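A.B. asks: no letters, just coordinates:
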Ligand SMILES: NC(=O)c1ccc[n+]([C@@H]2O[C@H](COP(=O)([O-])OP(=O)(O)OC[C@H]3O[C@@H](n4cnc5c(N)ncnc54)[C@H](O)[C@@H]3O)[C@@H](O)[C@H]2O)c1
C-alpha cells in the first residue's frame, strides 16, 4: 500500500509505503547510495537497523539510550558532532529506525545539519507508524518542556514494515492504537469500526495503519504548518497532556490520550469508546488532581485568556472545535478528580 503526501500549499511531496518485510528491500525505497547515518536506540531490535546498514553504500550507526529522556539537546549536538567528524556533506542522508523518540530526534538533526540533509524514516512502533513518522514535526525536549525546540522537516520517504510490531510489547502496541482510535473517532467511522470489531489485531493492522495515515495525510496535506485544521490531531491531548505530566512518565503517552478522549466526547460516543479502550487494555478512568490538571491546561499553548480551544466528538467520524471556559472544562473533568 502506498500513500502519497502532496501539499497544495507548498512543494511538500513524499510517499509512505506500508508493506510487510519491506525493510528487506529498503534500498528500493530510500536512496542509500551515499553516506548514511542510521539513528536508532538500544530498545529497538538491532536487526532492523542492520537491514538499513547492509543496504547502504557508506553506513554509520548512532544508537541512543531508549526512552523519552534521550530526546534532548545533548544527543542532538552529539549526533551533529558525529556527522561532522565523519565528514557528512549536504548530499548525504539520515535514516531513523525506531519509534517516535528516534524519529523526532533524527528528523531534527537532519533539519539542522548543513541547513538540512535528506531524511528517511523507518518507524518501528505502532505510534510512530500511525502518527509521528508523517507530518514533518520533529523536536527535542528542552528546559523541562516537551518538544520545545524543533522544526518542520518533511521526510523524503517513509517505509512502514508492520512485521516490526511483532517484537513490540503489547502495552506499546495498545498505546499506539490509542492514536489510531483518535483518528477514527474524529475523522473515519470505518477505521473506528475496524478497531472495534477486530478479532486478531495482527491480521487487521496493515489496514488500521493505512486508514490512520490517510486521515493524518489529508490533514497535514491541507495544513502542513499547523495553521488550523491540523489541530484536530490534538483530540484527547488537552486533558491527556495534563494527565501525562501529573503521572510523571508512569503512563505512556497513548494511555493518557486514551483517558483524555473520554472527556471530550458525547455520551453516545463514550458508550462505544469505553469497551474499545477496555478491549485493548487502555485506561479510561484514571484518578488525578483536577485543580493541578486545570493549572497545567491553562498554561498549555492552546489556551488563550480564560478559554481553551478543544476538539470535541459528538458523533463518531466527525469533530468540532470548541472554545471552553476553564470552569466548563473543570466540570467536564470533575469525574477524574481523585
Ligand atoms: N512528531 C510527531 O508528530 C509526533 C507525534 C506523536 C508523538 N511523537 C513523539 O513520539 C515519541 C513517542 O514515540 P513512541 O511511542 O514510538 O515511543 P519510543 O520511541 O520511546 O519507543 C517505545 C519503546 O519501544 C522500543 N521499540 C521501538 N521499536 C521496537 C520494536 N519494533 N520492537 C521492540 N521494541 C521497540 C523503543 O526502544 C522504546 O523503548 C514521543 O517523544 C512523542 O513526543 C511525535
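C.D. replies: Yep, that arrived. Bear in mind that the values here come from a model prediction, so they are computed numbers and not experimental data.
A.B. asks: which residue is nearest the middle of this protein?
C.D. replies: Taking CA atoms, centre = their mean, the centroid of the chain lies closest to residue 132, which sits 2.7 Å from it.
A.B. asks: that residue contacts residue 103, doesn't it?
C.D. replies: Yes - using CB atoms under 8 Å, residue 132 makes contact with residue 103 at a distance of 5.6 Å. Where you see a C-beta, it was placed from the backbone N, CA and C, and this is true even at glycine.
A.B. asks: now the common contact residues for these two.
C.D. replies: Common neighbours of residue 132 and residue 103 (criterion: CB atoms under 8 Å, 6 or more residues apart in numbering): residue 123.
A.B. asks: ok so, going back, could I get the pLDDT score of the nearest residue to the residue nearest to the centre of the chain once chain neighbours are set aside?
C.D. replies: Of all residues not flanking residue 132 in the chain, residue 100 sits nearest, at 3.9 Å (CB to CB, 6 or more residues apart in numbering). pLDDT for residue 100: 97.
A.B. asks: okay, now residue 100: neighbour count?
C.D. replies: Look at residue 100: counted by other CB atoms under 10 Å, it has 22 neighbours.
A.B. asks: next up, the contacts around it.
C.D. replies: With contact taken as CB under 8 Å, 6+ apart, residue 100 is in contact with 123, 125, 127, 128, 131, 132, 133.
A.B. asks: for the ligand, tell me which of the residues you listed show up nearby.
C.D. replies: When CB under 6 Å from any ligand atom is applied, the members of these adjacent to the ligand are 125, 127, 128, 131, 132.
A.B. asks: now the helices for the protein?
C.D. replies: 46-54, 73-85, 100-112, 126-127, 170-187, 189-197, 201-222, 237-246, 253-261, 267-279, 290-298, 326-332 (DSSP state H).
A.B. asks: ok, residue 106 - contacts?
C.D. replies: Taking CB under 8 Å, 6+ apart as the test, what residue 106 contacts is 39, 79, 94, 95, 96, 119, 121, 138.
A.B. asks: local confidence estimate at residue 306?
C.D. replies: 76.
A.B. asks: actually residue 200, not the one I wrote
C.D. replies: On the pLDDT scale, residue 200 gets 94.
A.B. asks: distance check, it against the ligand.
C.D. replies: The gap separating residue 200 from the ligand is 19 Å, by CB to the nearest ligand atom, to the nearest Å.
A.B. asks: also residue 40?
C.D. replies: 8 Å.
A.B. asks: neighbours of the closest residue to residue 59 other than its chain neighbours, how many?
C.D. replies: In space, and not counting its chain neighbours, residue 59 is closest to residue 53: 4.1 Å by CB to CB, 6+ apart. Close neighbours of residue 53, defined as other CB under 10 Å, add up to 19.
A.B. asks: you'd agree residue 88 is up against residue 118?
C.D. replies: No - look at residue 88 against residue 118 with CB under 8 Å: they stay out of range, at 10.9 Å.
A.B. asks: the two: which is more packed in?
C.D. replies: Higher neighbour count among residue 88 and residue 118: residue 88, with 22 against 18, using other CB under 10 Å.
A.B. asks: give the contact list for that one.
C.D. replies: Residues in contact with residue 88 (CB under 8 Å, 6+ apart) are 35, 37, 113, 114, 117.
A.B. asks: ditto for residue 191
C.D. replies: 180, 183, 184, 208, 211, 212, 215.
A.B. asks: quick check: pLDDT value at it.
C.D. replies: pLDDT recorded at residue 191 is 98.
A.B. asks: would you quantify the distance from it to residue 118?
C.D. replies: According to CB to CB, to the nearest Å, residue 191 stands 31 Å off from residue 118.
A.B. asks: for residue 147, same thing?
C.D. replies: Distance, residue 147 to residue 118, by CB to CB: 23 Å.
A.B. asks: can you list the helices of the chain in a markdown table and add distance to residue 30?
C.D. replies: Converted to a markdown table, those look like this (distance: least, CB to CB, whole Å):
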| stretch | distance to residue 30 |
| --- | --- |
| helix 46-54 | 8 |
| helix 73-85 | 17 |
| helix 100-112 | 13 |
| helix 126-127 | 21 |
| helix 170-187 | 23 |
| helix 189-197 | 28 |
| helix 201-222 | 18 |
| helix 237-246 | 31 |
| helix 253-261 | 27 |
| helix 267-279 | 35 |
| helix 290-298 | 40 |
| helix 326-332 | 44 |
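A.B. asks: for residue 64, which of the ones you listed is the nearest?
C.D. replies: helix 73-85 (5.4 Å; CB to CB).
A.B. asks: let me see the mean pLDDT of that closest one.
C.D. replies: Averaged across helix 73-85, pLDDT comes to 98.
A.B. asks: in it, what's buried?
C.D. replies: 75, 76, 79, 80, 82, 83 (16 or more other CB atoms under 10 Å).
A.B. asks: verify the stated contact: the second one with residue 105.
C.D. replies: Yes - with contacts counted by CB under 8 Å, residue 76 reaches residue 105, the gap being 6.5 Å.
A.B. asks: overlap in contacts of the two?
C.D. replies: residue 140.
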